[in-house]
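Participant: My questions are about this predicted structure, shown below with the sequence.
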Number of protein chains: 2
Amino acid sequence: MNYRSMAPMNKPVLMLLAGSFLFLQACSQKQPAEAASTAPAPDFMYQYSIIDALLAGVFDGNLTLGELKTKGDFGIGTFNRVDGELIVDQGKVYQISHDGSIHEMADQDSTSIAFVKFFKADTSFMVKNTELGQLEKDLMAALPANEMYAIRMKGHFSKLTSRAPGPAKKPYPTLKDHLAKAQYLFNLTNTRGVVVGFLLPGYLAKVNVPGFHFHYLADDHKSGGHIFDFTATELTVEIDKIKGYSVELNTNADFDKISLDKDRQEELKKIE
Amino acid sequence: MNYRSMAPMNKPVLMLLAGSFLFLQACSQKQPAEAASTAPAPDFMYQYSIIDALLAGVFDGNLTLGELKTKGDFGIGTFNRVDGELIVDQGKVYQISHDGSIHEMADQDSTSIAFVKFFKADTSFMVKNTELGQLEKDLMAALPANEMYAIRMKGHFSKLTSRAPGPAKKPYPTLKDHLAKAQYLFNLTNTRGVVVGFLLPGYLAKVNVPGFHFHYLADDHKSGGHIFDFTATELTVEIDKIKGYSVELNTNADFDKISLDKDRQEELKKIE
């Protein structure tokens, strides 16, 4: 199985299939016919890498935050080595570190996974004295289940529970194993700030997180994290319906080494 | 449950959540900050709609073939009403009708689902005397399982089995039920032509077809279809590695009416 993970494109095809193949050639330089622009289509979400790669331990990526900003001004994710939580709001990228400190990050830093969009609210409303679970149920009942939404909420929280992971060391474990050792919890009270995230349908499983997924950044930039729960005293909720999404595959070598697809692995066992 | 399928965005939020909400406003005209260009990023696959929508009976879409051509010059899909198989090769869109006839289609026609790319081979090779199943096994063994590939094959087939569906009538059934009644099989012999398709990973399930998916167009434009099997006497295989993909959600009203996500439906039952 290992040779597959290392497989450059040409040689294995040649070697494995040589019996019946007449010749093999690598084509010269690609000349893409498409526009050079890599800006996303209007109202599309862009994501770098897929959630199942992160879960399996692909903790590094090759997308700089400078490039990420050309894909959206709003979103969530993490950094290389899972070094804290990533939040993008109004075009700025912040790291919530495992010690709870917040840092605006430089364009040359990189991300292993991120989901972003140019945020434009279609709908907004205010709500008082609610909890995350209730708000999610209300939104699920109101919004068509097959569509995708970016959601931005700003307000005051009497309580908010969040987390941020510390950085992992190589060889990387699975995300679950890493979080079991390196996840730091924050129990915030009387905090004012912004919630950034998405509501995504089930057909995005394996690629992104179905359902709600929110990160938090306090207005004073002294706390934040991946949200587990909150009680809000007042909240302005902005909803931005998404027309589609683009997924850029992680080009880190680890991506080709992980087993994401058990069916495919089973099929291969029959061949080998 | 039905109200959800009809739900426009603002009113239900207002009605369902009015108890705790202070105000709701629809924002005025969206002004996307992104580039107006909708050309795909270089080496990305573009797809309109998702496979689970087609399976569930969303047989109409709002993407014209003229628009589809701006997303790729190579690919597969079907037309509105599932009226035959769609194949795009070298920038031209063809319909393989249920009677086996081939038609180049006008730009103003529409598709309910299609997967396209600007095709540029990274690798090509020739193979003699092979069968589809063997070729697929060899390619699976040679290509990293988590990556995406566009595959174009040209040559001579001693045997090729394919199908094309006739158009469905409203109210649309599921695709399975439609094909059970309206799928026409073609047993071709000594045919020369082009095979167009993709090899996609398991994490694209629900959105596209994991594994191989090929359509066929004979050089004489007298036969074609969705390929079930073939025996090739000689074949030139071109492989184009894909860097990512964009999915544009189907804007047909039927898309919001189908149940794609059983987990989400179960969750809603608890709410209602």
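Facilitator: In hand now; what should we look at? Numbering: from 1, shown residues only, chains lettered A, B, ... in the order given.
Participant: Just to check, A:Ile102 is in contact with A:Ile96?
Facilitator: Yes - in this structure, A:Ile102 is within contact of A:Ile96 by CB atoms under 8 Å, at 5.9 Å. Backbone N, C-alpha and C define where each C-beta goes, glycine included.
Participant: When the two are compared, which one has more neighbours?
Facilitator: Between A:Ile102 and A:Ile96, counting by other CB atoms under 10 Å in any protein chain shown, A:Ile96 is the more crowded of the two (29 against 20).
Participant: For A:His98, which non-adjacent residue is spatially closest?
Facilitator: Spatially, and ignoring its direct neighbours in sequence, A:His98 is nearest to A:Gly166 (3.8 Å; CB to CB, 6 or more residues apart in numbering or on different chains).
Participant: circling back to that earlier point, identify the contacts common to A:Ile102 and A:Ile96.
Facilitator: Counting by CB atoms under 8 Å, 6 or more residues apart in numbering or on different chains, the shared contacts of A:Ile102 and A:Ile96 are A:Leu217, A:Ser223, A:Gly224.
Participant: which residues does the last one bridge with?
Facilitator: Put plainly, it is A:Gly224. When assigned by DSSP bridges, A:Gly224 has beta-bridge partners A:Leu217.
Participant: which among the shared contacts of A:Ile102 and A:Ile96 gets closest to chain B?
Facilitator: Closest to chain B out of the shared contacts of A:Ile102 and A:Ile96 is A:Leu217 (20.8 Å), distances taken as CB to the nearest CB.
Participant: what about the closest one, distance to A:Gly84?
Facilitator: 12 Å (CB to CB, to the nearest Å).
Participant: And A:Tyr245, by the same measure?
Facilitator: Using CB to CB, A:Tyr245 is found at 24 Å from A:Gly84.
Participant: repeat for A:Met148
Facilitator: 26 Å.
Participant: More neighbours: which of those two?
Facilitator: A:Gly84 (27 against 24).
Participant: Can you verify my assumption that that one contacts A:Arg163?
Facilitator: No - in this structure, A:Gly84 is not within contact of A:Arg163 by CB under 8 Å, at 10.2 Å.
Participant: Mind listing the residues bridging to A:Val237?
Facilitator: A:Phe125, A:Met153.
Participant: Let me see the contact set for it.
Facilitator: With CB under 8 Å, 6+ apart, A:Val237 has these contacts: A:Ser124, A:Phe125, A:Met126, A:Val127, A:Leu135, A:Ile151, A:Arg152, A:Met153.
Participant: Can you tell me how far it is from B:Ser110?
Facilitator: Counting by CB to CB - A:Val237 and B:Ser110 are separated by 35 Å.
Participant: now do A:Arg152
Facilitator: On the measure of CB to CB, A:Arg152 and B:Ser110 end up 34 Å apart.
Participant: Check A:Tyr46 too.
Facilitator: Applying CB to CB, the value for A:Tyr46 to B:Ser110 is 26 Å.
Participant: Check A:Thr191 too.
Facilitator: 50 Å.
Participant: residue contacts, the nearest residue to A:Ser124 once chain neighbours are set aside?
Facilitator: Excluding the flanking residues, the one nearest A:Ser124 by CB to CB, 6+ apart is A:Glu238, at 4.4 Å. Going by CB under 8 Å, 6+ apart, A:Glu238 touches A:Phe119, A:Ala121, A:Thr123, A:Ser124, A:Ile151, A:Arg152, A:Met153, A:Lys154.
Participant: how does it look with 6 Å?
Facilitator: A:Ala121, A:Ser124, A:Arg152 (CB atoms under 6 Å, 6 or more residues apart in numbering or on different chains).
Participant: cool, A:Pro165 as well?
Facilitator: A:Val82, A:His98, A:Leu179, A:Ala182, A:Gln183.
Participant: Could you point out which of those residues is nearest to A:Ile258?
Facilitator: A:Val82 (15.0 Å; CB to CB).
Participant: any idea how far that closest one is from chain B?
Facilitator: Look at A:Val82 and chain B: by CB to the nearest CB, to the nearest Å, they are 19 Å apart.
Participant: so where do the strands sit in chain A?
Facilitator: Under the criterion DSSP state E, strands of chain A are mapped to A:21-26, A:44-48, A:63-64, A:74-79, A:85-89, A:92-96, A:102-104, A:110-117, A:123-131, A:148-165, A:183-200, A:211-218, A:224-242, A:244-248.
Participant: so where's the stretch 1-150 of chain A uncertain?
Facilitator: Scanning the stretch 1-150 of chain A for pLDDT under 70 picks out the ranges A:1-37.
Participant: need the residues of the stretch 101-250 of chain A near chain B, please.
Facilitator: Contacts of the stretch 101-250 of chain A with chain B, taken as CB under 6 Å from any CB of the partner chain, map to A:118, A:120-121, A:123-128, A:130, A:137-138, A:141-142, A:144-146, A:201-203, A:206-207, A:244-249.
Participant: Now do the contacts for A:Ala56.
Facilitator: Contacts of A:Ala56 by CB under 6 Å, 6+ apart are A:Ile258.
Participant: go on, the one 4 residues further on?
Facilitator: Neighbouring residues of A:Asp60 by CB under 6 Å, 6+ apart: A:Asn80, A:Ser112, A:Asn252.
Participant: Phi, psi for the residue nearest to A:Phe74 when sequence neighbours are not counted please.
Facilitator: Leaving aside its chain neighbours, A:Phe74 sits nearest to A:Phe119 (3.6 Å; criterion: CB to CB, 6+ apart). The phi/psi pair for A:Phe119 (degrees, to the nearest 10) reads phi -80, psi 130.
Participant: Pull up the gap between A:Phe119 and B:Ala53, please.
Facilitator: Relative to B:Ala53, A:Phe119 is positioned 26 Å away (CB to CB).
Participant: higher neighbour count, the two?
Facilitator: Between A:Phe119 and B:Ala53, B:Ala53 has the larger neighbour count (other CB under 10 Å), namely 25 against 20.
Participant: Distance of the more buried one relative to B:Val93?
Facilitator: B:Ala53 is 20 Å from B:Val93, by CB to CB.
Participant: Would you confirm that A:Phe230 contacts A:Thr161?
Facilitator: No - in this structure, A:Phe230 is not within contact of A:Thr161 by CB atoms under 6 Å, at 7.1 Å.
Participant: Which one's more surrounded, the two?
Facilitator: Between A:Phe230 and A:Thr161, counted using other CB under 10 Å, the more crowded position is A:Phe230 (24 against 18).
Participant: Nearest residue to that one in space, please, no chain neighbours.
Facilitator: A:Phe230's closest residue in space is A:Leu160 (CB to CB, 6+ apart), at 4.1 Å.
Participant: what's across from the one you found in the sheet?
Facilitator: A:Leu188, A:Phe230.
Participant: Then the one 5 residues further on?
Facilitator: Listed by DSSP bridges, the beta-bridge partners for A:Pro165 are A:Gln183.
Participant: so how many other residues sit close to A:Leu204?
Facilitator: That count, for A:Leu204 with other CB under 10 Å as the rule, works out to 26.
Participant: Pull the contacting residues for the closest residue to it other than its chain neighbours.
Facilitator: In space, and not counting its chain neighbours, A:Leu204 is closest to A:Pro210: 5.8 Å by CB to CB, 6+ apart. Contacts for A:Pro210 (CB under 6 Å, 6+ apart) come out as A:Leu200, A:Gly202, A:Leu204.
Participant: Including pLDDT, could those residues go into a markdown table?
Facilitator: Below are the contacts of A:Pro210 laid out as a markdown table (pLDDT from 0 to 100):
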| residue | pLDDT |
| --- | --- |
| A:Leu200 | 97 |
| A:Gly202 | 95 |
| A:Leu204 | 96 |
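Participant: Nearest to chain B among the residues you listed?
Facilitator: Checking the contacts of A:Pro210 one by one against chain B (CB to the nearest CB), the nearest turns out to be A:Gly202, at 3.5 Å.
Participant: Please work out how many residues are found near the closest one.
Facilitator: By other CB under 10 Å, the residues close to A:Gly202 number 17.
Participant: With A:Lys137 instead?
Facilitator: The burial count for A:Lys137: 17, using other CB under 10 Å.
Participant: for A:Ser158, same thing?
Facilitator: Neighbours of A:Ser158 under the rule other CB under 10 Å: 14.
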